[in-house]
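Asker: output the structure for:
(one chain, ligands or ions: 1)
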Amino acid sequence: LDAVRAVEPRIADAIAKELTDQRESLKLIASENYASPAVLLAMGNWLSDKYAEGTIGRRFYAGCQNVDTVESVAVEHAKALFNAPYAYVQPHSGIDANLVAYWAILADRVEAPALAKVQKRNVNDMTDAEWAELRAAFGNQRMLGMSLDAGGHLTHGFRPNISGKMFDQRSYGVDPATGQIDYAALRTSAQEFKPLVIVGGYSAYPRKVNFRIMREIADEVGATFMVDMAHFAGLVAGKVFTGDFDPIANAHIVTTTTHKSLRGPRGGAVFCQPELSDQVDRGCPMVLGGPLAHVMAAKAVAFAEARRPEFADYAQRIVDNSQALAAGLTSRGATVVSGGTDNHLVLIDVDKYGLTGRQAEQALLDSGIVTNRNSIPQDPNGAWYTSGIRIGTPALTTRGLGTGEMDQIAELMHTVLTSTKAGASKAKFDLATAVSDRVSKQATELLADFPL
Ligand code: PLP
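Answerer: You can find the predicted model right below:
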């Protein structure tokens, strides 16, 4: 850090403070993890300086031989790890990966047939009328994705994201009685709506998803089936989700982030069937800038780490821990959405404590427990205040905490949530400093046995 400090001490301090904070608080954000030193170091080097637009061996810049090596090795590990026929490791983030996939689907299913109708090999020869016809072909394409309150993500066709402007979106949700996906309702909705693309995957759904059934539905209505496995990629890599629950084996195209349960650098990737690979490769320059070679290097390292046998053990421990946490919270009276969990996250309804998600999130944070507020199905408090708290185990599992510690964490959370009283607004609350200080201290003590 000395080199950074010599230039801008405030940045050096923020980096050092971030490490301290991550060491001392209970990191329970479901989308976060601790990347290994090898992953972090692979990112901080001279690869960052290189431009390499294009694909492996076909770049628009000279001198890309080392980037070619990096990208090839990342692809090799990615394909082997997920047993995928094709991998594209350039997306800079999960949003970018989804954008690459959406354009690939649109190009394959909409642009290519429309261009074939125009029957000109050179787009420079197209008339204005032919361009207008092509643009019209892109309009009103439909997407069926999971609703936000059931755990879907903004990039699955919602207005604040470009996907909500590219597609006319209809949502599928969960059965209110079980909190789990209602596949019969999903099938009916797909038959009525006839989407171009059905999106599986989520940010806050605590159960495994039967991707085989979803693929059957997509085939019945002629849709492309895409899965965004950003959250649970580590559980796919670690072979916790196999067979009907393996997105790669069941979908036409799969996107992911690399930094959540997969424990790599911040970034994204796309996997697809061979027929979509040409379109996916056009991600740069269609929606991506030059690839981040240093991040692709770190992805290669993370994929290689995830191919080791100990990663499968890690993935199973993530689920064991979230199930222990769900059980610990339930036995202390919490309402766990869907009654439990099959994956890396637990969602609780904090209305039980008379709190909004916003109040509960801050009260927990003040007590050294880092979670995030989240909508729950049919949430009466909307997406800003919410009624839920999402709790994830990938990061603490990386530090080595096990099911016994999860029960202690359930006790700490119970103490905070039952000691917090709602205030005059949906954001205000009262929590005695004596309680938050004591819980913070207990959290730090608990972590002392699991150094970072
Ligand atoms: N897809 C899902 C399901 C996510 O949960 C997220 C992030 O929260 C993303 C995509 C976007 O990832 P990123 O923040 O890397 O763009």
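Asker: residues in contact with the host helix or strand of Ile409?
Answerer: Taking DSSP states H and E as the criterion, Ile409 maps to helix 403-419. Residues from elsewhere that reach helix 403-419 (CB atoms under 8 Å, 6 or more residues apart in numbering): 26, 28, 320-322, 324-325, 327-329, 331-334, 350, 353, 355, 360, 363-364, 367, 369, 391, 393, 396, 401, 431-432, 435-436, 439, 442-443, 446, 450. Where C-beta positions appear, they are placed from N, C-alpha and C, glycine not excepted.
Asker: just after that helix, pick out the following helix or strand.
Answerer: On the C-terminal side of helix 403-419, the closest following helix or strand by DSSP H and E is strand 421-422.
Asker: hmm, who's touching that following strand?
Answerer: Gly354, Leu355, Thr356, Gln359, Lys428, Phe429, Asp430, Leu431.
Asker: repeat the analysis, applying 6 Å as the threshold.
Answerer: Outside strand 421-422, the residues that touch it by CB atoms under 6 Å, 6 or more residues apart in numbering are Gly354, Leu355, Gln359, Phe429, Asp430.
Asker: what bridges to the last one?
Answerer: Each beta-bridge partner of Asp430 is listed here: Lys421, as defined by DSSP bridges.
Asker: now it: how far from the ligand?
Answerer: To the ligand, Asp430 is 31 Å away according to CB to the nearest ligand atom, to the nearest Å.
Asker: next: the third one.
Answerer: Distance of Gln359 to the ligand, given as CB to the nearest ligand atom: 23 Å.
Asker: surely that residue is in a helix?
Answerer: Yes - per DSSP: H, G, I helix; E, B strand; the rest coil, Gln359 lies within a helix segment.
Asker: who in the protein is up against the ligand?
Answerer: By CB under 6 Å from any ligand atom, the residues of the chain that approach the ligand are 31, 93-95, 153, 155, 201, 203, 228, 230-231, 257, 268.
Asker: any chance of those in TSV, plus neighbour count, secondary structure and pLDDT?
Answerer: Below are the residues of the chain next to the ligand laid out as TSV (neighbours: other CB atoms under 10 Å; DSSP: H, G, I helix; E, B strand; the rest coil; pLDDT from 0 to 100):
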residue	neighbour count	secondary structure	pLDDT
Ser31	20	coil	98
Ser93	19	coil	98
Gly94	27	helix	98
Ile95	20	helix	97
His153	23	coil	96
Thr155	27	coil	96
Gly201	29	strand	98
Ser203	22	coil	98
Asp228	30	strand	98
Ala230	27	coil	98
His231	27	coil	98
Thr257	26	strand	98
Gly268	29	strand	98
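Asker: residue in this structure nearest to the ligand?
Answerer: Using CB to the nearest ligand atom, the single residue of the chain nearest to the ligand is Gly94, 2.3 Å away.
Asker: how about the residues of the chain next to the ligand, which pair is most distant?
Answerer: With CB to CB as the measure, no two of the residues of the chain next to the ligand lie farther apart than Ser93 and Gly201, at 15.2 Å.
Asker: which ones are touching Arg358?
Answerer: By CB under 6 Å, 6+ apart, Arg358 lies in contact with Arg373, Tyr385, Ala427.
Asker: contact partners of stretch 86-93?
Answerer: Defining contact as CB under 6 Å, 6+ apart, one finds that stretch 86-93 is touched by 74-75, 78-79, 97, 100, 268-272, 274, 277, 280, 284, 288, 291-292, 296, 299.
Asker: try 8 Å
Answerer: 71, 74-75, 78-79, 97, 99-100, 255, 257, 266-274, 276-277, 280-281, 283-284, 288-289, 291-292, 295-296, 299-300.
Asker: OK, contacts around the nearest residue to Arg170 once chain neighbours are set aside?
Answerer: Excluding the flanking residues, the one nearest Arg170 by CB to CB, 6 or more residues apart in numbering is Phe193, at 4.9 Å. By CB under 8 Å, 6+ apart, Phe193 lies in contact with Arg142, Leu144, Arg170.
Asker: tell me which entries of those residues lie within helices.
Answerer: The helices, defined by DSSP state H, take in nothing from the contacts of Phe193.
Asker: with neighbour count and pLDDT as added columns, please give the residues you listed in a markdown table.
Answerer: Shown next, in a markdown table, are these (neighbours: other CB atoms under 10 Å; pLDDT from 0 to 100):
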| residue | neighbour count | pLDDT |
| --- | --- | --- |
| Arg142 | 17 | 96 |
| Leu144 | 28 | 97 |
| Arg170 | 16 | 96 |
